[in-house]
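Enquirer: Test case, fold it:
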Amino acid sequence: MILWNIFVAFFIPGVLGYGGGPASIPLVENEVVDRFGWMSVTEFSEMLAMANALPGPIATKMAGFIGYQQAGVLGAAVGVFATVAPSLILMIFLMSLLAKFKDSPKVKMMTNLIRPAIAVLLGVMAYQFFQTSYDSSGVWQTGFLILVSFVLLEKVKLHPAFVILGALVYGAIFLG
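Expert: Okay, here's the model as predicted:
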């Protein structure tokens, strides 16, 4: 029964929490604190503060922690699955729908219209990252990281994960 309760506690916020993890935090709190009584408000806020300090999506971190606290590893797995299940179900449905109409001229046109919008969004995001890096680290550090990253990715053909890891280590040592 506890596994079902964990599933319900995280599936409902996953369905209703439109806007991602931050939008589902009050819904998860309602389920965990008020409905099931697994945590007090203070414990929930402490868990939320710790989850915010770790990398990754907030909703899955909360689900994993609370699920583990209530039912061990299986509870954590059920909580994380319940958190991602609404998106997973919707993606499977939409992908099957898209596959069904993939040869439709309207779908092809829609896909072609979305690509430039995604490119612009990625460009804006890259510019904002550059601006933040420039403001906090300076022109020389930022330029150095860009140049080294470009060489490692394009000339050496190093996997991006290693370049990111190297940049993190560099930042921790020289910019920390």
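Enquirer: Let's verify residue 18: helix, strand, or coil?
Expert: coil (DSSP: H, G, I helix; E, B strand; the rest coil).
Enquirer: Please parse the protein into its domains.
Expert: 2-100, 105-175 (automatic domain parsing).
Enquirer: Dump those domains into JSON lines; add mean pLDDT as well.
Expert: Output for the domains of the chain, formatted as JSON lines (pLDDT from 0 to 100):
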{"stretch": "domain 2-100", "mean pLDDT": "90"}
{"stretch": "domain 105-175", "mean pLDDT": "88"}
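Enquirer: Most tightly packed of those?
Expert: domain 2-100 (a mean of 17; mean count of other CB atoms under 10 Å). C-beta coordinates here come from the backbone N, C-alpha and C atoms, glycine included.
Enquirer: Start and end of that domain, how far apart?
Expert: By CA to CA, to the nearest Å, the extent of domain 2-100 from end to end equals 39 Å.
Enquirer: if I look at the spatially most distant residue from the centre of the chain, how far off is residue 126?
Expert: Computed with CA atoms, centre = their mean, the residue of the chain farthest from its C-alpha average is residue 105, at 32.8 Å. Between residue 105 and residue 126 the computed distance is 32 Å (CB to CB, to the nearest Å).
Enquirer: ok, now how distant is residue 85 from residue 18?
Expert: With distances taken as CB to CB, residue 85 is found 15 Å from residue 18.
Enquirer: Residue 32: what's it in contact with?
Expert: 9, 38, 39, 44, 66 (CB atoms under 8 Å, 6 or more residues apart in numbering).
Enquirer: Of those residues, just say which sits nearest to residue 25.
Expert: residue 44 (9.2 Å; CB to CB).
Enquirer: Look up how far residue 110 lies from that closest one.
Expert: As judged by CB to CB, residue 44 and residue 110 stand 42 Å apart.
Enquirer: re the thing from before, can you lay out the contacts of residue 32 as TSV showing distance to residue 174 and secondary structure?
Expert: Converted to TSV, the contacts of residue 32 look like this (distance: CB to CB, whole Å; DSSP: H, G, I helix; E, B strand; the rest coil):
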residue	distance to residue 174	secondary structure
9	44	helix
38	43	coil
39	40	coil
44	38	helix
66	38	helix
